[in-house]
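Student: one predicted model, sequence on top.
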Amino acid sequence: MSSVAPVIRGANLADAPAIAALFTELGYPNTPEKIARRLPRLLADDGHRVLVADDGAVIGCVHIGLFAILERDLSAQIMGLVVAATHHRRGVGRALIGAAEAWAQAQGCGTIYVRTNILRAEAPAFYRGVGYTHTKTQYAFRKALFASP
């Protein structure tokens with residue numbers, strides 16, 4: 001592990017293998033090819049931002065997107081946050097969240113949302129620790145429209 005504080009920067013296509021490894025470690029199996037296929041769309045969309053924490057290697061990633069719905073003003077949602085297990089409790093997640101929040105605020109968002117799987121036992125304490133409030137418990141449903149590659 002490097003003693004250099006990580007740089008938070010915009011992701012690029014060369015980061016695909018590291019991002020795939022991070023999400024796989026979190027329990028969302030991915031391949032560099034799948035991330036490389038998805039990443040360009042997000043990077044080209046002004047309504048999304050993908051940031052990485054880099055200390056010589058990519059050690060964390062956050063994906064945030066604008067969340068526009070009719071019933072409330074523009075907000076943002078953290079779509080995904082992952083930090084390498086070897087770098088937990090070192091301020092990497094906090095730095096990524098701070099950068100994501102700054103981006104959302106610059107887009108005119110007054111509120112930011114995040115959801116976490118109830119299986120992630122440490123996540124609620126982390127989010128409370130960076131200023132988030134638990135607002136509801138809900139069911140989540142999914143329906144496949146076609147088989148994904």
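Tutor: Now that the structure is in, tell me what you want to look at. Residues are numbered from 1 along each chain as shown.

Student: just give the nearest non-adjacent residue to A140, would you?
Tutor: Using C-beta to C-beta, 6 or more residues apart in numbering and skipping the chain neighbours, the partner closest in space to A140 is R115 (7.9 Å). C-beta: built from backbone N, CA, C; applies to glycine.

Student: my bad, A36
Tutor: In space, A36 comes closest to A16 once its chain neighbours are excluded; the distance is 4.0 Å by C-beta to C-beta, 6+ apart.

Student: just the element for the one you found, please.
Tutor: helix 16-26 (DSSP states H and E).

Student: same for that helix, what does it pack against?
Tutor: Secondary-structure packing of helix 16-26 (3 or more C-beta pairs under 8 Å, 6 or more residues apart in numbering; DSSP states H and E): helix 32-44, strand 48-54, strand 58-69, strand 72-83.

Student: for the chain, what helix or strand is lowest in average pLDDT?
Tutor: In the chain, no helix or strand scores lower on mean pLDDT, DSSP states H and E than helix 123-129, which sits at a mean of 91.
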